[in-house]
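In: Sharing a model prediction with you, sequence too.
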Amino acid sequence: MLLSPLAVLGRATLAALAVLGRITLYAGRAVSHLLRPPFYGREFLSALVSIGWLSLPVVGLTALFTGGALALQIYSGGARFNAEAVVPSIVAIGMVRELGPVLGGLMVAARVASSIAAEIGTMKVTEQIDALVTLSTNPMKYLTAPRLLAATLVVPLLVAVGDSIGIFGGYLVGVNKLGFNPATYLKNTADYLEPWDVTSGLIKGAVFGFIVALMGCYYGMNSARGAQGVGRATKGAVEAASVLILAANFLLTALFFSQ
């Protein structure tokens, strides 16, 4: 009886490691297909529009309200130490380093990972993937590779747009509610924002985009039969993508900014 909890913990750990191993192997095969022809340009362009353009409204609105709320919080906290003047610089640094990439990645995960998993899972349930195989079309190359490439390329662009909108949200709140001079606010933002701050956020966006597309494709390809199987695959894709984004963000932040 004393060893039973340890056995349960051991089984759960082994199961998690097995899933991680399968995902790693799947990612390796997907990346290898990116480097070999044939290439499906129409699927790639369709994924670009679906992942990038159609995700722009939710990413933009999230960034706008986040930037405004961040300005209010920093001003309220800085007032305790007579440091209200740091609002523009902290809003800019916080958005481009952390909040822009992470919130953008999570919003894309909620929208795109679920969509990809549901689409590919439905294709598996209705035997469309088997039909691709009979037509001598590799499902990994036709379904996974274009989505991985599109997400890796377009999510950094979404992050850049989200960063700009988030900083603009902080500007609106700072100028209209907190009484900052517009020229001074913009000058402080530009003076304290360094190129590496922006670059690190864009690198995070590329990694997060890869994670989102990978989780959507993996769980869709491994969906169980039936409507319940597709539902579980969709839920698992969003959960896994969200957790991996937060874990990758910690690792990348430690890599980029640890002294």
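Out: Perfect, I can see it now.

In: Contact partners for the residue nearest to R111 when sequence neighbours are not counted?
Out: Take R111 and drop its neighbours on the chain: the residue closest to it by Cβ to Cβ, 6 or more residues apart in numbering is S55, 5.7 Å away. Yep, even glycine has a C-beta here, placed from its N, CA and C like the rest. Applying Cβ atoms under 8 Å, 6 or more residues apart in numbering, we find S55 in contact with M107, V108, R111, V112, L158.

In: burial count for the fourth one?
Out: Residues lying near V112 (other Cβ atoms under 10 Å) number 29.

In: Tell me which residues touch it, please.
Out: With contact set as Cβ under 8 Å, 6+ apart, V112 has these partners: S50, I51, S55, A151, V212, A213, G216.

In: Quick check: pLDDT value at the third one.
Out: Per-residue confidence for S55 comes out at a pLDDT of 91.

In: The second one now?
Out: I51 is assigned a predicted lDDT (pLDDT) of 91.

In: So it is in contact with P146, correct?
Out: No - the criterion here is Cβ atoms under 8 Å, and I51 misses it with P146 at 10.3 Å.

In: The residue nearest the centre of the chain: what's it in contact with?
Out: Within the chain, one residue has its C-alpha closest to the average C-alpha position: by Cα atoms, centre = their mean, that is G105, at 2.3 Å. Counting by Cβ under 8 Å, 6+ apart, G105 touches V155, V159, K204, G205, F208, G209, I211, V212, I245, N249.

In: Please flag which of those sit within helices.
Out: V155, V159, K204, G205, F208, G209, I211, V212, I245, N249 (DSSP state H).

In: Closest to M95 out of these?
Out: Using Cβ to Cβ, V159 comes nearest to M95 of the ones in helices among the contacts of G105, at 9.8 Å.

In: That closest one and G68: what is the separation?
Out: Using Cβ to Cβ, to the nearest Å, one gets 18 Å for the distance from V159 to G68.

In: Between the two, tell me which one has more neighbours.
Out: With other Cβ under 10 Å as the criterion, V159 and G68 differ in neighbour count, and V159 comes out ahead with 30 against 21.

In: correct me, but that one touches G205?
Out: Yes - between V159 and G205 there is a contact at 3.5 Å, judged by Cβ under 8 Å.

In: residues shared between the contacts of those two?
Out: Once Cβ under 8 Å, 6+ apart is applied, the residues that V159 and G205 both contact turn out to be P101, G104, G105.

In: residues contacting the second one?
Out: Spelled out, it's G104. Going by Cβ under 8 Å, 6+ apart, G104 touches V59, T62, A63, V155, L158, V159, G162, G205, F208.

In: What is the neighbour count of I23?
Out: Burial of I23 is recorded as 18 neighbouring residues (other Cβ under 10 Å).
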